[in-house]
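In: this one's structure only:
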């Protein structure tokens, strides 16, 4: 079957990578950047590291830093207004998934008419986004690499998933030096988000031999690096491994799809304003258990990529070992043990399930869930 795959045209990945972005900006023939980021990264001094590079290259810019952890339609509209008021013709996004997704929304609305809600779903825009130089500062969402972005619609209290090749960044930058100041909790949450991408991307209905290469490589890199990155944020080898792993799975799941871990986690984020990576991490082993009988021998490959020795293991025990490896990694990096611990309420399960079933990621799940199935998974993760 013919497939089309989408990747950023330029990828810069290594310690010190931000120093290499200036020549790429010059080649883009642009005049002024809107720097899209958040106030936490400004206070941490990470944004200044990037601004120093822009200043040295004499690239003019304006700054928009009003980005929420779960970015909203209002955030995107405010960013678009800032872009237009400052006469910017390209975007430099600095951060994890929140600034990256906000930048994608701004870039799309700058070149396409209407409201962002008009573009919820798959491939609904006519025009490519303004150029985006996407500088990642976390090792989680891989939004700098993907054709996906997620924006909360405050009116409906849900996260809109938008899949659109026109939002793809022009230049993707992963510099692990920018990640060393991330706190342990954020390192853990974003790292488990990346692992969820890789495992869902490997077991999704839309997986192919090509995306399998990326996702299995990512599972291994993340499993090898996450504990060390959480334990010592200044371990540059571990940070580099995480930057690589999350980017590689970004190229995989962006071109193959995800499943109901994300469908269910999106609703928790939209409903309770919870961190996406934590929601994914709590749900992941329970969804893997639900899907286990629909993915053939794929969980054996997952277990091995996570470092599990399957020598002499009975076939009927393999899936359980893969699930246990996921749980152990999650526990080792300090992820909460259940949904109750992060403020989810049982009485909301029915509404959450309805929203999850309508989420675009549900179509990629290897098994078609009923509402009762989704409620049961929320309950098992509680």
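Out: In hand now; what should we look at? If you're wondering where the values come from, they're calculated on a predicted model, not measured in any experiment.
In: Kindly provide the distance from residue 78 to residue 46.
Out: Per C-beta to C-beta, to the nearest Å, residue 78 is found 22 Å from residue 46. Heads up, the C-betas are built off the backbone N, CA and C, glycines and all.
In: Residue 169 against residue 144, yeah?
Out: Yes. If you go by C-beta atoms under 8 Å, residue 169 and residue 144 touch, sitting 5.5 Å apart.
In: Can you pull the residues that touch both of those two?
Out: The contact sets of residue 169 and residue 144 overlap at 8, 93, 100, 134 (C-beta atoms under 8 Å, 6 or more residues apart in numbering).
In: packing partners for the longest helix seen in the chain?
Out: Longest helix in the chain, counting residues (DSSP state H): helix 209-231. Judged by 3 or more C-beta pairs under 8 Å, 6 or more residues apart in numbering; DSSP states H and E, helix 209-231 is in contact with helix 184-203, helix 236-253, helix 298-305, helix 315-332.
In: Format the ones you listed as a markdown table; extra columns: mean pLDDT.
Out: Formatted as a markdown table, the helices and strands packed on helix 209-231 follow (pLDDT from 0 to 100):
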| stretch | mean pLDDT |
| --- | --- |
| helix 184-203 | 97 |
| helix 236-253 | 96 |
| helix 298-305 | 98 |
| helix 315-332 | 97 |
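In: Mean neighbour count and distance to residue 104 added to those, as CSV?
Out: Formatted as CSV, those follow (neighbours: other C-beta atoms under 10 Å; distance: least, C-beta to C-beta, whole Å):
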stretch, mean neighbour count, distance to residue 104
helix 184-203, 27, 17
helix 236-253, 26, 13
helix 298-305, 22, 29
helix 315-332, 17, 28
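In: quick one: which helix or strand includes the nearest residue to residue 380 once chain neighbours are set aside?
Out: Leaving aside its chain neighbours, residue 380 sits nearest to residue 286 (4.7 Å; criterion: C-beta to C-beta, 6 or more residues apart in numbering). Counting by DSSP states H and E, the element that carries residue 286 is helix 276-291.
In: and the angle from that helix to helix 184-203?
Out: Interaxial angle, helix 276-291 versus helix 184-203 (axes from the mean of the first three to the mean of the last three C-alpha atoms, to 10 degrees): 40 degrees.
In: Centre of the chain to helix 276-291, how far?
Out: Between the centre of helix 276-291 and the centre of its host chain there is 15 Å, according to C-alpha atoms, centre = their mean, to the nearest Å.
In: check which helix or strand covers residue 149.
Out: strand 148-153.
In: in that strand, what counts as buried?
Out: Neighbour counts over strand 148-153 (16 or more other C-beta atoms under 10 Å) mark 148, 149, 150, 151, 152, 153 as buried.
In: do the same with stretch 129-141
Out: The neighbour-count check on stretch 129-141 (16+ other C-beta under 10 Å) flags 129-141 as buried.
In: Those residues: which two are farthest apart?
Out: The largest distance within those, taken as C-beta to C-beta, falls between 130 and 139 and amounts to 25.9 Å.
In: pLDDT value on the spatially most central residue of the chain, please?
Out: Nearest residue to the geometric centre of the chain (C-alpha atoms, centre = their mean): residue 141, 1.9 Å. You'll see residue 141 listed with a pLDDT of 88.
In: my guess is it contacts residue 99, does it?
Out: No. With contact defined as C-beta under 8 Å, residue 141 does not count as touching residue 99 (10.2 Å).
In: Tell me where the chain is predicted with low confidence.
Out: 1-2 (pLDDT under 70).
In: how's it carved up into domains?
Out: Here the domain parsing of the chain from automatic domain parsing is 10-179, 184-380.
In: In CSV, list those domains along with distance to residue 4.
Out: Converted to CSV, those look like this (distance: least, C-beta to C-beta, whole Å):
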stretch, distance to residue 4
domain 10-179, 8
domain 184-380, 8
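In: Of all the ones you listed, which one is nearest residue 3?
Out: Comparison of these against residue 3 by C-beta to C-beta identifies domain 184-380 as nearest, at 6.1 Å.
In: Give me the distance between the two termini of the closest one.
Out: Domain 184-380 has an end-to-end distance of 26 Å (C-alpha to C-alpha, to the nearest Å).
In: burial count for residue 162?
Out: Residues lying near residue 162 (other C-beta atoms under 10 Å) number 24.
In: I meant to write residue 165 there.
Out: Residues within reach of residue 165, counting by other C-beta under 10 Å, total 14.
In: same thing with residue 26?
Out: Around residue 26 there are 12 residues (other C-beta under 10 Å).
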